[in-house]
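In: Generate a structure from the sequence data that follows.
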Amino acid sequence: MRQFRAALYIRLSREDGDREESDSIGNQRTLLEDFARDEESIAAWEEFVDDGYSGTDFRRPGFARMMEALRARRLDCVIVKDLSRFGRNYIDAGRYLEQEFPLLGVRFISILDDIDSYTRPEQAGSILLPFRNLLNDEYSRDISRKIRAALDSRRRQGIFIGSHPPYGYARDPENPGHLLPEEETAAVVARIFREYLSGQTKSGIARRLNAEGVASPAARRGGGGLWGYSSVDHILKNPVYRGDLVQGRYGNISYRLQKTRRRDPADWITVPGAHEPLISPAEFDRAQALLRLTARGERASGAVHPLAGLVRCDRCGRPLQRRRVRQRYGVYEYYLCPTYRQDHAACTPHSLRVDRVEAAVLSAIREEIAAAVDFRRMAAAMREPKKSGENGKALEARLARVMEQKRGIYGDWKAGELTREEYLAFKEGYDRQEAELRRRIRDAAEPQPTVDETYESLADRVMPERLERDLAVTLIEEVRAEEGGALTVRWRFRKPEASGS
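Out: So this is what the prediction gives:
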């Protein structure tokens, strides 16, 4: 009888829905070793184990070592508990069992499926073998679908299912699916937003954090790495810091492939207010507005120019670029149109002194702050009658009494209790009261002018002495510059009509 040197192949994956008791590594090992001992044709064996690897993907370390041994002719037999242990991808399983193993002269034994390609070679070409592989493949597809549905259900409930909490957070000890701020790293996140909103660059923030020895997110997870542009950028863009839990950004390409790809943002699962925010929504939104701008030409201090990306050419619409020009009386910075620099026929220079543009924009901001303060005073004056206790219902009650008194004097005149002259004198007085009350009722019924939240907050600002990046980005959508030097500021807020704008 021919003697074989066997590979005992063992695999377990909870991801495939394997039963931990009956499919455990220990149980498989016992079954395979007992079979090899009892089978007279097995002279020796070697064990190969893949613990925690899905059967839908044949890229497994234990399987790879086994195939090396088979191709090197050190082993010439493979024994598994059942076909599902070998693999759950019927296409790849069929390629090995029906093509590669026969070419290598490898004997294949599946104990529980009663398959032995040496003693019963007709089974290798039987329809039952691919059919069983197909059933195993379909089982994996179904398990994958159920697992994905269960995970998505937890995501929609606002339950965090990631392996590592985001930087700045820790798992709630009483509820592992809930995030709680981690004091030390939460302070770093708040600092990053604060410095970025004050005009610091992402690279500059990273350099300072590294200089101070602050551990980066990668270092906190046990790996190496320092703070860099991308790590700061990732924190600034992550909505988790405003309290929103965004999950499901990546998904498997196929249940057979353990590869992921980025999903369309429309398919991400977002749960607002899932946990305590580290940054206010207003601060987060301001940071996103900053990130959308083109902010080139950083100063040596590591700060971004106050109007970087905001000043645009009124003809081509591109952001003007700053250029330093040395003149007789000193060195000045000018805004220039990049389109003109590329092609003089395509646009005009739009040469504007940066300091003069900044001064004009600062003056416009100061005017808007003053107007907002005046508007707040005016709005308070309009609301004053209500503060004195006079409201629409009270005025209407007084009007009803006046109208009743008017009807009363008319009846008295008709009854002869009042002369015509007395009646007309009383009526004139009641007419005046009626007109005044009706006017006040109309005023009370007029809706108060709605005020944009950003515009309302202007009245709380201290009058700025110089132009700051945070202030400019918060208030300004863009500054349109004309060739002659005229500037038009488009604000991020909507001014109330009553403000006179």
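In: Can you tell me which helix or strand of the protein has the lowest average pLDDT?
Out: Ranked by mean pLDDT, DSSP states H and E, the weakest helix or strand in the chain is helix 384-387, scoring a mean of 49.
In: Low-confidence ranges, the stretch 51-200 of the chain, go.
Out: Scanning the stretch 51-200 of the chain for pLDDT under 70 picks out 90, 122-149.
In: got the CA positions of stretch 222-232 in PDB?
Out: C-alpha atoms of stretch 222-232 as PDB (Å, rounded to 0.1, in the frame of the first residue of the first chain):
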ATOM      1  CA  GLY A 222       1.000  51.600  20.600                       C
ATOM      2  CA  GLY A 223       2.700  52.300  17.300                       C
ATOM      3  CA  GLY A 224       5.300  54.900  16.400                       C
ATOM      4  CA  GLY A 225       4.900  58.100  14.500                       C
ATOM      5  CA  LEU A 226       4.900  61.800  15.200                       C
ATOM      6  CA  TRP A 227       2.300  64.500  14.600                       C
ATOM      7  CA  GLY A 228       2.200  65.700  11.000                       C
ATOM      8  CA  TYR A 229       0.100  67.700   8.600                       C
ATOM      9  CA  SER A 230      -2.200  64.800   7.900                       C
ATOM     10  CA  SER A 231      -2.900  63.800  11.500                       C
ATOM     11  CA  VAL A 232      -3.900  67.400  12.400                       C
END
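In: And the contacts of it?
Out: 192, 196, 202-203, 205-207, 209-210, 214, 216-219 (Cβ atoms under 8 Å, 6 or more residues apart in numbering). Every C-beta, even on glycine, is put in place using the N, C-alpha and C of the backbone.
In: redo that, cut-off 6 Å
Out: If you take Cβ atoms under 6 Å, 6 or more residues apart in numbering as the criterion, stretch 222-232 is touched by 192, 202-203, 205-206, 209-210, 216-218.
In: moving C-terminal of the helix or strand that contains Ser457, what's the next helix or strand?
Out: Counting by DSSP states H and E, the element that carries Ser457 is helix 453-458. With elements assigned by DSSP H and E, the helix or strand that comes after helix 453-458 is helix 469-475.
In: now the helix or strand that that next one is followed by, how far from the centre of its chain.
Out: Note on helix 469-475: by DSSP H and E, the next helix or strand toward the C-terminus is strand 476-481. Centroid separation for strand 476-481 versus its chain: 27 Å, with Cα atoms, centre = their mean, to the nearest Å.
In: Which neighbouring elements make contact with strand 476-481?
Out: Contacts defined by 3 or more Cβ pairs under 6 Å, 6 or more residues apart in numbering; DSSP states H and E place strand 476-481 against strand 311-313, strand 487-491.
In: Adding mean pLDDT and distance to Gln99, write those out as JSON lines.
Out: Converted to JSON lines, the helices and strands packed on strand 476-481 look like this (pLDDT from 0 to 100; distance: least, Cβ to Cβ, whole Å):
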{"stretch": "strand 311-313", "mean pLDDT": "91", "distance to Gln99": "64"}
{"stretch": "strand 487-491", "mean pLDDT": "91", "distance to Gln99": "68"}
